[in-house]
Every structure is written in structure tokens, then in C-alpha cells.
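Novice: Below is the sequence, then the predicted model.
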Amino acid sequence: MTSRFADGLAVGPDLVQAAETAVRQALAGLSGRADLVCFFICGEDPDDVTRAGRHAMSLAPGAKVIGCSATGVIGDGQGVELSPAVSAWAATLDGGRLTTFALDTLAAEDRFVVMGLPERKPDDRVAILLADPYTFPADAFVERSVEVLGDLPLIGGLANGLQGRGSVRLFADGAVHTEGAIGVLLSGPVNVTTVVSQGCRPIGPAMVVTRSEENLLLELAGQPALARLEDIVSELDEDDRELVASGLQIGIVMNEYAERHERGDFLIRGVIGIDPEREGVAIGDVVDIGRTVRFQVRDAATADEDLYDLLDAHREELGRIDGALLFSCNGRGSAMFGTPDHDAVALRDTLGSIGVAGFFAAGEVGPVGGHNHVHGFTASVLVFSSGSPADR
């Protein structure tokens, strides 16, 4: 059976051969000519990864091709972590316009300037972004992307390599990049939507920030933030207290005008410490006074339920879904669920037997509440469905 989207996966130490197998498998699953090919490589030696990436880029002449190194890849309905493997994904986009790009940064006084962004067009739909977290200021760029990209959604992930810094490789249309970021802008009659599953559940009440300094919350609803947190934890059962101890999170409400703020209504950020002297709680973001927050916990059961619920709702809203790209945190997979296959299986269970590939990222990019963010412990999904954007 052939379609507009297909994926491939090959496991083994010969990465060039694995790239050949995975890309050929994805291309063979298409009913037409490939317009876009994405591939992801996990390998021990960066030079082997480079050779495999060059070979992958040569296999689809006429298509736009991007890819990156990773510590794990996703394809063929499964995940492979920390072992040599290549996954690939191919798409026939029926009139969609594709613009690849490579981003570099220049330091300018106390800020940075990003160069290489494509010029925006009114019919731009989404940009896929793959970045080297060691050399590219992904958090700052993504958080401030609205200033230069407007409401354009960004989806993707932070690449990595098994050797860490210096082993990241990015691939775009024949070129190999050892730093910066690359991606592709999708425009025209391409029906795409995003799903970002942060996998948390709220504990305690929603509270307004009444005093803060930088990323230190000092007062919540008029009381010391640390005292508020201690009151919430004291009322939890033993299991939830263990979750708090293993990694407390906080959710920042994205829509202050909603009548209720439940799971999925928050941008999740980590609680990174406390200041006993000032009775403050330090978090991984800066929150303005007047914003609403709510403490959160994350576990496998909650993350599983959240992803399935979001995907089910997405399928019901869109109808037929044809393909997807999956960017899953390297803290999910075996570390969270006991299996590297969880997120890939969730997409197959909810969206059907469609072409899905991706990688385990060192940070996931995706929009929440209409704003682009870099996340952790998240599954970010780019979904391709039938029909035109105007129809939807």
C-alpha cells in the first residue's frame, strides 16, 4: 500500500547502509515523487554519522532533504535508543512550497543576531526546526520568534549526538552543519497542525503571582510562595509526594480569560530550587506579576493519558490524518515508560497506520497557547491531514 507519507527504519552499525535502507524504505512507500525527506541518525562516531547523512541526502534527488544526529530515532512504529540506527520519513505534498534554511548567530553587544531566516509569505504554514543546543541559542530564539516570524508555528527538536558537544550534525540539501540550526518552511496548500503533550497534571489550586523577582516567585495569592507550596504538598498522598520529590513542575496559564485552568492549559516549566530565607520558589522561566500559575507533577501514567487524550481529540477534529513527524524527549521513552516505543505506538493507536518518524530530542520545540516554546519531557507532533487549510 502506498500513500503520501511513509517512514523507514534500519538498525545496525553500518550507518551508511542503514541510511540507504531507511530512506529507500520511506521512498518506496510513497504513491508519488517525494517532495520532502527527513532523516535522523544515531551513531557513536560523528564521522560515520556525517557519511551516512551525506548518503541519505543523495538518495532523493529533486526533494528537499533535512536531517540531524540524535541519541535515538523513531520509525516503523518503534523507537531505538542509544544504538546505531537511522529513521527516515518521506512526503508527497501535492503543491506545497518548501524552503530549506540554515541559521547562524552573530554576537552584537549584549544580544545575538540570527541570520538565514527565510522571508515570510502570507501562506506560510509551519517551520520545522532542528538545532544544535550547544552552539545555537534555541530557547531565546524560539521564545522571541514572534518578533520576526509573527504567528508562524515552529515544531522540531534539539539535536544531539552520543558524544555530546561537538558530535551534533545537521543536514540540509546536501550541506553538513556542525553548529547552528537548520530547517524547512512549509507553505501553500499544506494542511498541518501541531500537538504538544507536556504530560503533567496539576496539584493544588491555581494562584496569581503577586510578587516575583526574575525567575523567583516570592508571593502567590498574597502569601509567601514557599509556604503555599508546603501547604499543597502537605495535603498530597504519599505517591504524589514522591513525584514532587523526584521533579516538581509549575504550569503558567496561557489563557488568563479561561473560566477554568486544567491539564493542557499551562506552559510547563521546572521548579529548580527554593530560597528559604526569602520564602521563594525558583522556576525555569520568568513570570510577570498578575499571571496565574499552578504546581504540577509528571509521571508515566499522566504522560500516557495526556498524549492519548490530545491525539484522540486531534483525530476527531481533523478526520483523516495521513502522516506525522514526532519529536519526543530523550527523557521519555525507556526512562519514563520502560519502553522506547511508547510515543510511536500512541500515534499508531490513535492516528492509524500512517507514515511517522522522528527522534529523541534534547529539547522539543512546539507552540502552546499560540506561542512557540522549547520544552522538556514533551512529545511534539507535526500532523498532516487531508484537505486544504482553507477547508479546515
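Specialist: Cool, got the structure.

Novice: in terms of contact, does residue 300 touch residue 334 like I think?
Specialist: No - counting by C-beta atoms under 8 Å, residue 300 stays clear of residue 334, with 10.9 Å between them. Placement of C-beta: from N, CA and C, glycine included.

Novice: ok, these two, which is more surrounded?
Specialist: Neighbours of residue 300 and residue 334, each counted by other C-beta atoms under 10 Å, are more numerous for residue 334; the result is 17 against 14.

Novice: doesn't the more buried one fall inside a helix?
Specialist: Yes - under DSSP: H, G, I helix; E, B strand; the rest coil, residue 334 falls within a helix.

Novice: Roughly how far does it sit from residue 343?
Specialist: Per C-beta to C-beta, to the nearest Å, residue 334 is found 11 Å from residue 343.

Novice: Quick check: neighbours shared by these two?
Specialist: By C-beta atoms under 8 Å, 6 or more residues apart in numbering, residue 334 and residue 343 have no common neighbours.

Novice: mind listing the helices for the stretch 151-300 of the chain?
Specialist: Ranges of helices within the stretch 151-300 of the chain are 225-234, 238-247, 300-318, based on DSSP state H, counting those that start in this stretch.

Novice: What mean pLDDT does the last one get?
Specialist: In other words, helix 300-318. Model confidence over helix 300-318, given as mean pLDDT, is 93.

Novice: I'd like the helices of the stretch 151-300 of the chain written out as JSON lines, with distance to residue 115 added.
Specialist: Formatted as JSON lines, the helices of the stretch 151-300 of the chain follow (distance: least, C-beta to C-beta, whole Å):
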{"stretch": "helix 225-234", "distance to residue 115": "40"}
{"stretch": "helix 238-247", "distance to residue 115": "37"}
{"stretch": "helix 300-318", "distance to residue 115": "35"}
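
Novice: Out of the ones you listed, which is closest to residue 122?
Specialist: Nearest to residue 122, of all the helices of the stretch 151-300 of the chain, is helix 300-318, at 22.7 Å by C-beta to C-beta.

Novice: tell me the angle the closest one makes with helix 238-247.
Specialist: 90 degrees (axes from the mean of the first three to the mean of the last three C-alpha atoms, to 10 degrees).

Novice: Okay, buried residues for helix 300-318 please.
Specialist: By 16 or more other C-beta atoms under 10 Å, the buried positions in helix 300-318 come out as 302, 303, 304, 306, 307, 310, 311, 314, 315, 318.

Novice: Output the next helix or strand along the chain from that helix as CSV, restricted to C-alpha atoms.
Specialist: The first helix or strand that comes after helix 300-318 along the chain, using DSSP states H and E, is strand 321-329. Taking C-alpha atoms only, strand 321-329 is exported to CSV below (Å, rounded to 0.1, in the frame of the first residue of the first chain):
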residue,chain,number,x,y,z
ILE,A,321,-4.8,12.0,9.2
ASP,A,322,-2.1,11.0,6.7
GLY,A,323,1.3,11.4,8.3
ALA,A,324,3.2,12.9,11.2
LEU,A,325,6.7,13.9,12.5
LEU,A,326,7.4,13.1,16.1
PHE,A,327,9.9,14.8,18.3
SER,A,328,10.0,13.1,21.7
CYS,A,329,12.1,14.0,24.7
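
Novice: so what strands line up beside strand 321-329?
Specialist: Strand 321-329 pairs in its sheet with strand 355-361 (parallel), strand 379-385 (antiparallel), by DSSP bridges.

Novice: looking at those strands, which is buried most?
Specialist: strand 355-361 (a mean of 30; mean count of other C-beta atoms under 10 Å).
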